[in-house]
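In: My questions concern the predicted model and sequence given below.
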Amino acid sequence: MAIIIDGKQIAKDLNAQTQQRVTALKEQGAVPGLAVIIVGDDPASAIYVRNKHRKAVKLGIKSVVRELPATISQAELLAIVNEYNHDDSIHGILVQSPLPMGLDEQAVVAAIDPKKDVDGFHPLNVGRLFANLPGHYPVSCTPRGIMTMLASLNEHLRGKRAVVVGRSMIVGRPMAAMLLNADMTVTVAHVHTKHLEEITRTADVLVVATGVTHLIKGNDIKRGAIVIDVGMDRDENGKLTGDVDFDAAVDRAGAITPVPGGVGPMTIATLMQQTVDLCEWSEQLGSN
């Protein structure tokens, strides 16, 4: 039976550390600030933004939610992003995805000041991650949260094999870069990969982020592997489940994340952690 990686508890511990850092910054006269821009009325986006706002307020972070109509023009949206770029009380800027039709999401992300790119999606920060450059810069929150979860297991990753199933810019690609930067041997696969199960069975660490319910079966997993399930899917009964068949995988894996209660809580906790990072880095740079 695998160790169940408790994302809720790890996120709780991380949030406690973040709250202590916020308190220390306030004693120095600095308040971390997060601006979240939401365009249109997508219900799922509204829930995500509300959860982020509540968590930020609870941790003592200044939280600004800017709600904009779906009819806003590209130029108007870019002007608002630029407004926060020049607001010294805001250290992290996030534009909630997806944007309504007609808006260029890539251009909006590229307009965010890289020093305030709390999601880690700006091309400059993505390039820094893939080049494994030293120094301070934000990275994609879900993969960073997963690295925190892996660290909690006290497993040595160097030299071991990792397989990432999924190639999005939000999870798959930055995840592969982080694992490579941790000196793992990394293979990136996806839903179109032929003989996928032969590749996944080589993984000491298997990260699955495809959005395909139970794509990975128990027999697709190397015995004793660490399995990280990023999927948030609904089964035929409407129950929340993942990309990995948990019931079959739990008997083969050495450690595994559940869905829900695994990777999900870590993403918001890491977003808060990274907001405080950006504040601390800006203070060190003397920009405030």
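Out: Looks like it arrived, so ask away.
In: What are the buried residues along the lengthiest helix in the chain?
Out: Looking across the chain with DSSP state H, the single longest helix is helix 263-285. Taking 16 or more other Cβ atoms under 10 Å as the basis for neighbour counts, the residues of helix 263-285 that come out buried are 263-283. C-betas here are computed from N, CA, C, even on glycine.
In: Likewise for stretch 36-49?
Out: Judged by neighbour count (16+ other Cβ under 10 Å), stretch 36-49 contains these buried residues: 36-40, 42, 45, 48-49.
In: Run through the strands of the protein in chain order.
Out: Assignment of strands within the chain using DSSP state E yields the ranges 3-4, 33-39, 62-68, 92-95, 161-165, 185-189, 205-208, 226-229, 233-234, 240-241, 255-256.
In: So for residue 133, which of those sits nearest?
Out: Taking Cβ to Cβ as the measure, the strands of the chain were each checked against residue 133, and strand 185-189 came out nearest at 18.1 Å.
In: how about the helices in the stretch 101-250 of the chain?
Out: With DSSP state H, counting those that start in this stretch applied, the stretch 101-250 of the chain shows helices at 105-111, 123-131, 141-152, 172-181, 196-200, 246-249, listed in chain order.
In: Against residue 120, how distant is residue 109?
Out: Taking Cβ to Cβ, to the nearest Å as the measure, residue 109 falls 10 Å from residue 120.
In: Looking at the two now, which is surrounded by more residues?
Out: Neighbours per residue, other Cβ atoms under 10 Å: of residue 109 and residue 120, the larger number sits with residue 120, 24 against 21.
In: so what's that one scoring on pLDDT?
Out: pLDDT, the model's per-residue confidence, is 98 for residue 120.
In: which stretches of the stretch 151-288 of the chain aren't confidently modelled?
Out: In the prediction, the stretch 151-288 of the chain carries residues with pLDDT under 70 at positions 284-288.
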